[in-house]
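> This is the structure alone, sequence omitted:
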């Protein structure tokens, strides 16, 4: 029989809040970490994949251990991105719904610091921050960490570089007897070095396997395409999932912008997300995605960190990630909270051999997604063309007399006849273009 949150030592007030959030059965990482953290006797390393409930694993016991008689900052949670920081902040606020005296704040980069400094003049028990912004606050003497009991490094594998540069400065502000909790999806050598340098020698390590509530529902599939047909195949897939929400991952900002432009031309409800966009634009796009005003997000790996939207039904790896960890984080955006999801990887023929390595390293099994036929792709492109016409807004700047001349050309046609002629013209143009392509290639030679 699986354990319940009451068996782990979770208090009635916290239990009431998470029950309302429909968090009923603890995940493996929660079962292992929560009792240890409530004992508050040791540093802890938690290894678990994205989507396995790590925020609750450290958040619930920390909220329970806050001394509300003190107004000091008692827990600092460091995160790699502002998006993830605000996601964790919202989660903690939800968990603490029936703990009104516990005060939580978020201070992340990318937005003005002055309102955050002002917020920190009020009592703050739990602080969620990005490392750079926390360093800035420390240097401005805008925060006092002398009574902080817990330092949490969440998604540590994603902020190794900045932690190596800034952790000394942060730790110097903490009392000697604080506890450090490090959570990561993977354990590369750089993380082992961090543990060795900053955690107690008797640190306890807990880990959860891939077989967790958050990951059981993901179907891992791949599709093999030639470069020339890659975009057409993606458009076919997206059309087949019309109305569903998904994220498409690209390697670079340039690739994100190029693909997002193609999706916009084909009238897909989409938005682009990468690090070069201003924070205001990123926030607006994320809000549109979260509220369901756009269905498709095209993003780089880091920009998409912290996206916790339950209704994401698919993830597309438009480019194969360079490292296994990136695949874990990407696929973990779907199948949240026990739902089902698809992680589809688009491969060129020479990349297929790499699938076996991903399977072996991550302990998952890929199946091949059937590529649509040439006829099916052609029909899909024709449908997209029709939607482009349907969604094109009239140009009211066209001269009325000239417009009447155009109308005169078509005035004797019925609606069905006009559609037949438009369609025939489109298909003929496509046929001619296809015939010209081999000729152009031969000339180039």
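Nice, I can see it. Predicted model, so just to flag it, every value in this text is computed and none were measured.
> Where does the prediction get shaky in the stretch 251-400 of the chain?
303-306, 308, 336-339 (pLDDT under 70).
> can you map out the helices along it?
Here the stretch 251-400 of the chain has its helices, by DSSP state H, counting those that start in this stretch, at 253-265, 279-291, 324-331, 354-362, 374-391, 400-410.
> quick one, which of those is packed in tightest?
Mean neighbour count (mean count of other C-beta atoms under 10 Å) peaks for helix 324-331 among the helices of the stretch 251-400 of the chain, with a mean of 21. C-beta coordinates here come from the backbone N, C-alpha and C atoms, glycine included.
> Now tell me what touches it from outside.
Identification of contacts with helix 324-331 by C-beta atoms under 8 Å, 6 or more residues apart in numbering yields 49-50, 157-158, 185-186, 188, 215, 218, 220, 247, 249, 301, 304-305, 315, 317, 321, 341, 343, 345, 358, 361-362.
> So which elements touch the lengthiest helix in the chain?
Longest helix in the chain, counting residues (DSSP state H): helix 415-444. Judged by 3 or more C-beta pairs under 8 Å, 6 or more residues apart in numbering; DSSP states H and E, helix 415-444 is in contact with helix 374-391.
> follow-up on the earlier one: looking at the helices of the stretch 251-400 of the chain, which is nearest to residue 147?
Proximity to residue 147 (C-beta to C-beta) singles out helix 279-291 among the helices of the stretch 251-400 of the chain, at 31.0 Å.
> Against which helices or strands is the closest one packed?
Counting contacts by 3+ C-beta pairs under 8 Å, 6+ apart, helix 279-291 is packed against helix 82-95, strand 270-273.
> again, only this time at 7 Å
In terms of contacts (3 or more C-beta pairs under 7 Å, 6 or more residues apart in numbering; DSSP states H and E), helix 279-291 is packed against strand 270-273.
> any idea how far stretch 87-100 is from the chain center?
20 Å (C-alpha atoms, centre = their mean, to the nearest Å).
> ok, residues contacting that stretch?
Stretch 87-100 has contacts (C-beta atoms under 7 Å, 6 or more residues apart in numbering) with 13-14, 16-18, 21, 55-56, 59-60, 63, 77, 79, 102, 104, 106, 126, 128, 154, 306, 308.
> Now list the buried members of the residues you listed.
Neighbour counting by 16 or more other C-beta atoms under 10 Å classes 13-14, 17-18, 55-56, 59-60, 63, 77, 79, 102, 104, 106, 126, 128, 154, 306, 308 among the contacts of stretch 87-100 as buried.
> Mind checking which of those residues land in strands?
77, 104, 106, 126, 128 (DSSP state E).
> Closest to residue 411 out of those residues?
Taking these together and measuring to residue 411 by C-beta to C-beta, the closest member is residue 106, at 62.3 Å.
> Next, the contact list for that closest one, please.
85-86, 89, 128.
> Count the neighbours of the nearest residue to it once chain neighbours are set aside for me.
Distances taken as C-beta to C-beta, 6 or more residues apart in numbering place residue 89 nearest to residue 106, at 3.9 Å, with adjacent residues excluded. Neighbourhood size, residue 89 [other C-beta atoms under 10 Å]: 21.
> Any idea what residue 204 is bridged to?
residue 44 (DSSP bridges).
> Contact partners for it?
36, 42, 44.
> Would you mind measuring from residue 171 to residue 104?
Taking C-beta to C-beta, to the nearest Å as the measure, residue 171 falls 22 Å from residue 104.
> swap in residue 170?
Taking C-beta to C-beta, one finds residue 170 at 19 Å from residue 104.
> again, but for residue 258
From residue 258 across to residue 104, the span is 40 Å (C-beta to C-beta).
> same deal with residue 237?
40 Å.
> next one: residue 294
29 Å.
> and what of residue 5?
20 Å.
> quick one, strands of the stretch 101-250 of the chain?
Counting by DSSP state E, counting those that start in this stretch, the stretch 101-250 of the chain has strands at residues 104-107, 126-129, 150-153, 179-184, 204-207, 218-224, 245-249.
> For the fourth one, which strands pair with it and how are they oriented?
Read it as strand 179-184. Sheet pairing of strand 179-184 (DSSP bridges) gives strand 44-47 (parallel), strand 150-153 (parallel).
> same thing with the first one?
Sheet partners assigned to strand 104-107 using DSSP bridges are listed as strand 126-129 (parallel).
> Show me what the strand it pairs with is in contact with.
62, 66, 73-79, 85, 88-89, 92, 102, 104-108.
> residues contacting the closest residue to residue 122 other than its chain neighbours?
In space, and not counting its chain neighbours, residue 122 is closest to residue 103: 7.1 Å by C-beta to C-beta, 6+ apart. Counting by C-beta under 7 Å, 6+ apart, residue 103 touches 123-125.
> export those residues to a markdown table and tack on neighbour count and distance to residue 385?
Formatted as a markdown table, those follow (neighbours: other C-beta atoms under 10 Å; distance: C-beta to C-beta, whole Å):
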| residue | neighbour count | distance to residue 385 |
| --- | --- | --- |
| 123 | 14 | 60 |
| 124 | 20 | 56 |
| 125 | 22 | 57 |
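> out of the residues you listed, who's nearest residue 395?
For these, the residue nearest residue 395 by C-beta to C-beta is residue 124; the value is 55.1 Å.
> what's the closest non-adjacent residue to that closest one?
Per C-beta to C-beta, 6+ apart, closest to residue 124 is residue 105, 4.7 Å.
> Just give the number of residues close to that neighbour.
Based on other C-beta under 10 Å, the number of other residues close to residue 105 is 18.
> All further residue positions should be reported with the first residue as 33.
Got it, first residue is 33 now, which makes that one residue 137.
> partners of it in the sheet?
Beta-bridge partners, per DSSP bridges, of residue 137: residue 159.
> contacting residues for residue 145?
Residue 145 neighbours (C-beta under 7 Å, 6+ apart): residue 168.
> separation between it and residue 292?
31 Å.
> again with residue 134
For residue 134 relative to residue 292 (C-beta to C-beta), the value is 40 Å.
> and what of residue 351?
14 Å.
> Closest one of the contacts of residue 236 to residue 275?
Among the contacts of residue 236, residue 76 lies closest to residue 275 (C-beta to C-beta), at 42.3 Å.
> Kindly tell me how buried the closest one is, as a neighbour count.
For residue 76, using other C-beta under 10 Å, the count is 23.
> what's the answer for the one 4 residues further on, then?
Summarising burial for residue 80: neighbours were counted as other C-beta under 10 Å, giving 26.
> Spit out the contact partners of it.
Taking C-beta under 7 Å, 6+ apart, one finds 61, 86, 217, 239-240 in contact with residue 80.
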